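the sequence and its predicted three-dimensional model are supplied below.
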Amino acid sequence: MKVHFISIGGSVMHQLAIALQGKGYQVTGTDDEIFEPALTHLRDKGLLPSAFGWQPELITPDLDAVILGMHAKADNPELIKAQELGLSIYSFPEYIFHESQQKKRVVVGGSHGKTTTTSMIMHVLKTCHQDFDYLVGAKLAGFDQSVKVTNAPTIVCEGDEYLASALLRQPKFHFLFPHVAILTGIAWDHINVFPTFEFYLEQFVIFMHKIEAGGLLIYNETDEVLNNLVLANKRNDIRYMPYKVPAHQITNGQTYITLDGAEGPLSVFGDHNLLNMQAAYYACAELGISAKDFVGAMANFTGASKRLELLASNNVCNIYRDFAHAPSKVIATIEAVKQQFPSRKLIGVLELHTYSSLNKEFMHQYKGALEKTDISVVFYSKHALQIKGLPELPESYVVEGFDKKGLLVMTDKNALEQWLQAQDYSNANLVLMSSGNYDGIDLPSFAPTLI
C-alpha cells in the first residue's frame, strides 16, 4: 500500500503515518510547518519531509490513498492534483474506518471525558492482554503512540466532534460507525463551528444513527440534555445501557469503587472519573472483561496526560494540572478536588485559551463554573486573542460572565507567576486548568517551587 499524507505534521496525523509505516505501508507526507514533538517523531522514523511546503509532484497515479489533514485547505495544490487524478482521498476518521471495517469498533463521544474514558478502556484491555488497535487524543502511560493500526480484531477510538477535514465539514465521529458507542454528556463547545446549541445537538443525533445495527449505546443518564436526546431518538435495532456514578466511598483521600460485586481502590478520583469508569466498564464487559478484572486493572490507572495530573505535593498541599477549559469540564474538575479534600482551601486558576472561551459572547456560559473555589483567577493572554483573530476581551465581560465574588482577572504571565508565588498553600490545593500553557509557563518545573 502506498499512502500520502497532506499535512503530515498534525498531532494525530503523524501518529497515523508512523502506525501505517509500522504495518508495512509505503508512507510519504508533506506540510508547510511541523512542530515538536511531531518533528522529532517523524525524523526518527524517516518520515520527515525533505523540505517544508506542498509538493504536488509527490501525488502520483500509483497512490492507494491520500489522507487529508484539517490543516490543509481546499485550494491545496496536492489536494487539487489528487482530485484531478481521481485518487482515493480520505479524511483522518474516514481512513481509520477504512482500516477497521473488519474490526469491532468502540467509539467514545461526548463533550467531555472522551479521552479519559477511552484511555480507561485501553488501560484495562492492555492489562488483560487483549489485542486491540486504538485512537486517542492524549499521551497515555504505557502506550508509545496515540494511534495504533494493526490487524487486531478490535479498535477503541476517541470520537471527536470537531470537523474531519477541509472537504468534510462534519464531525470526525460521524465517520467511525461504532458497534459499541459511548456518550459521556453534552455541553455546547466549538462555537466557531457550531454557532447554535441546537446545531451542536444535531451532531450527536446523527452520531447515534451511525451506530451499527445490533450495536450498543452506553450513555450518561445523569446528563439531562443527553438523556432527553437519547429518549427522543430511540432506535429499535440497537441496545441501550444508561449509566450513573457507581457505588464508591472515600476514606482518607482514597476512593474505593464497587462494580457488580467487585471492589477495589483507585488512583484517580471525582464523580466525573467515576462516571467515565462506569461507562468504560460497560464497554469492557461487552468485550469480555469481568468486573473483577476491570476493577483490578483500574487500581493503577493514573489518568491521561493533563487530566488532574499531580504536579507537586506535600503533607498539606496538592498542585494539579488539568486540561479543563469548557464550563462543564471546569465544574467537574473543581467538584472532584473539593469532594476528595473537603477540608482544604481550593485555589482555582483557569486559562481562557480556546476560540470559544475567548469569545465575549460565550462568557456567560461560565456563570457559576468557579463557584466552589475559595480563591479564583481567570487568566488569558493578549497573544492568544491575536493568534485566533479575536477582538480585545474586556475584563468586565469576564467578571460579569463568571459572576464569582472576588474573581481576579489577569492577562500578564509574569504577574500571574508572582501572584502564585505569594499565596499560602498550607492546607490548600491548587488546580491549574487550561488547554494551553499560560503564555509559556513551564508548569511541571514551576509548580514544585510553590511548595
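Perfect, I can see it now.

so where do the strands sit in the stretch 351-451 of the chain?
375-379, 408-410, 428-433 (DSSP state E, counting those that start in this stretch).

what strands flank the second one, and is each parallel or antiparallel?
The one in question is strand 408-410. Strand 408-410 pairs in its sheet with strand 375-379 (parallel), by DSSP bridges.

any idea how far R235 is from V205?
Distance of R235 to V205, given as CB to CB, to the nearest Å: 11 Å. Glycine gets a C-beta too; all of them are placed from N, C-alpha and C.

right, I mislabeled it, should have said I182
For I182 relative to V205 (CB to CB), the value is 16 Å.

the more surrounded of those two?
Each of I182 and V205 has its neighbours counted (other CB atoms under 10 Å); I182 has more, 28 against 13.

and the helix or strand harbouring R321 with strand 428-433, angle?
If you go by DSSP states H and E, R321 is part of strand 317-322. Strand 317-322 runs at 10 degrees relative to strand 428-433, counting by axes from the mean of the first three to the mean of the last three CA atoms, to 10 degrees.

which strands and helices sit next to strand 317-322?
On a contact count with 3 or more CB pairs under 8 Å, 6 or more residues apart in numbering; DSSP states H and E, strand 317-322 meets strand 309-313, helix 327-340, strand 428-433, helix 443-450.

mind listing what's buried in the lowest-mean-pLDDT helix or strand in the chain?
Lowest mean confidence among the helices and strands of the chain (mean pLDDT, DSSP states H and E): helix 382-387, at a mean of 87. The neighbour-count check on helix 382-387 (16 or more other CB atoms under 10 Å) flags A384, L385 as buried.

return that helix as CSV; C-alpha atoms alone will do.
The C-alpha coordinates for helix 382-387 follow below in CSV (Å, rounded to 0.1, in the frame of the first residue of the first chain):
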residue,chain,number,x,y,z
LYS,A,382,-3.4,39.1,24.5
HIS,A,383,-1.2,36.9,22.3
ALA,A,384,-3.9,34.1,22.2
LEU,A,385,-6.5,36.7,21.1
GLN,A,386,-4.3,37.9,18.3
ILE,A,387,-3.5,34.3,17.1
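
and it, how far out from the chain middle?
Centre-to-centre, helix 382-387 and its host chain are 23 Å apart (CA atoms, centre = their mean, to the nearest Å).

quick revisit: closest to G10 out of the strands of the stretch 351-451 of the chain?
strand 428-433 (24.7 Å; CB to CB).

now the angle from the closest one to strand 309-313?
140 degrees.

extract the CA atoms of strand 428-433 and return them as CSV.
C-alpha atoms of strand 428-433 as CSV (Å, rounded to 0.1, in the frame of the first residue of the first chain):
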residue,chain,number,x,y,z
ALA,A,428,-4.8,24.1,50.4
ASN,A,429,-5.0,22.6,46.9
LEU,A,430,-4.2,24.5,43.7
VAL,A,431,-5.8,23.5,40.4
LEU,A,432,-4.3,24.9,37.2
MET,A,433,-6.9,24.5,34.4
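
mind listing residues that contact that strand?
311, 316-325, 329-330, 333-334, 337, 341, 344-351, 373, 420, 423, 438, 443, 447, 450 (CB atoms under 8 Å, 6 or more residues apart in numbering).

buried members of these into PyMOL, please.
Typed into PyMOL, the line below selects the buried ones among these, using 16+ other CB under 10 Å:
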select buried, resi 311+317+318+319+320+321+322+323+324+325+329+330+333+334+337+341+344+345+346+347+348+349+350+351+373+420+423+438+443+447+450
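
OK, contacts around Y282?
Neighbour list for Y282: I182, L216, I218, M241, Y243 [criterion: CB under 8 Å, 6+ apart].

redo that, cut-off 6 Å
Going by CB atoms under 6 Å, 6 or more residues apart in numbering, Y282 touches I218, M241.

my guess is it is in a helix, correct?
Yes. Assessed with DSSP: H, G, I helix; E, B strand; the rest coil, Y282 lies in a helix.

strands along the stretch 151-300 of the chain, start to end?
Using DSSP E, counting those that start in this stretch, strands in the stretch 151-300 of the chain cover 154-158, 180-183, 216-220, 239-243, 247-251, 254-259, 262-265.

in JSON lines: those, plus mean pLDDT and distance to N300.
Below are the strands of the stretch 151-300 of the chain laid out as JSON lines (pLDDT from 0 to 100; distance: least, CB to CB, whole Å):
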{"stretch": "strand 154-158", "mean pLDDT": "97", "distance to N300": "19"}
{"stretch": "strand 180-183", "mean pLDDT": "98", "distance to N300": "22"}
{"stretch": "strand 216-220", "mean pLDDT": "98", "distance to N300": "24"}
{"stretch": "strand 239-243", "mean pLDDT": "98", "distance to N300": "23"}
{"stretch": "strand 247-251", "mean pLDDT": "91", "distance to N300": "17"}
{"stretch": "strand 254-259", "mean pLDDT": "94", "distance to N300": "13"}
{"stretch": "strand 262-265", "mean pLDDT": "96", "distance to N300": "10"}
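
pipe those into TSV and attach distance to L358 per row.
Converted to TSV, those look like this (distance: least, CB to CB, whole Å):
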stretch	distance to L358
strand 154-158	24
strand 180-183	27
strand 216-220	28
strand 239-243	33
strand 247-251	36
strand 254-259	34
strand 262-265	40
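
how many neighbours does T150 have?
Number of residues near T150 (other CB under 10 Å) recorded here: 14.

nearest spatial neighbour of it, chain-adjacent residues omitted?
Using CB to CB, 6 or more residues apart in numbering and skipping residues adjacent in sequence, the residue nearest T150 is D133, 5.8 Å away.

my guess is the one you found meets K148, correct?
Yes. Using CB atoms under 6 Å, D133 is in contact with K148, at 4.9 Å.

got phi/psi on the most far-flung residue of the chain relative to its centre?
Centroid-distance maximum for the chain: P61 at 36.3 Å, with CA atoms, centre = their mean. Main-chain dihedrals, P61, degrees, to the nearest 10: phi -60, psi -20.

what pLDDT does it get?
Per-residue confidence (pLDDT) for P61: 98.

please name the nearest non-neighbouring residue to it.
Nearest in space to P61, with sequence neighbours left out and distances taken as CB to CB, 6+ apart, is L85 at 5.6 Å.

same thing with L259?
Nearest non-adjacent residue to L259, counting by CB to CB, 6+ apart: A291, 4.9 Å away.

for Y240, what are its contacts?
L217.

and the gap between the residue nearest to the spatial centre of the chain and I96?
Geometric centre of the chain, nearest residue: T115, 4.2 Å, by CA atoms, centre = their mean. According to CB to CB, T115 and I96 sit 16 Å apart.

how many neighbours does the closest residue to G261 other than its chain neighbours have?
Of all residues not flanking G261 in the chain, A291 sits nearest, at 6.5 Å (CB to CB, 6+ apart). Close neighbours of A291, defined as other CB under 10 Å, add up to 17.

correct me if wrong: A291 contacts E263.
No. Look at A291 against E263 with CB under 6 Å: they stay out of range, at 9.6 Å.
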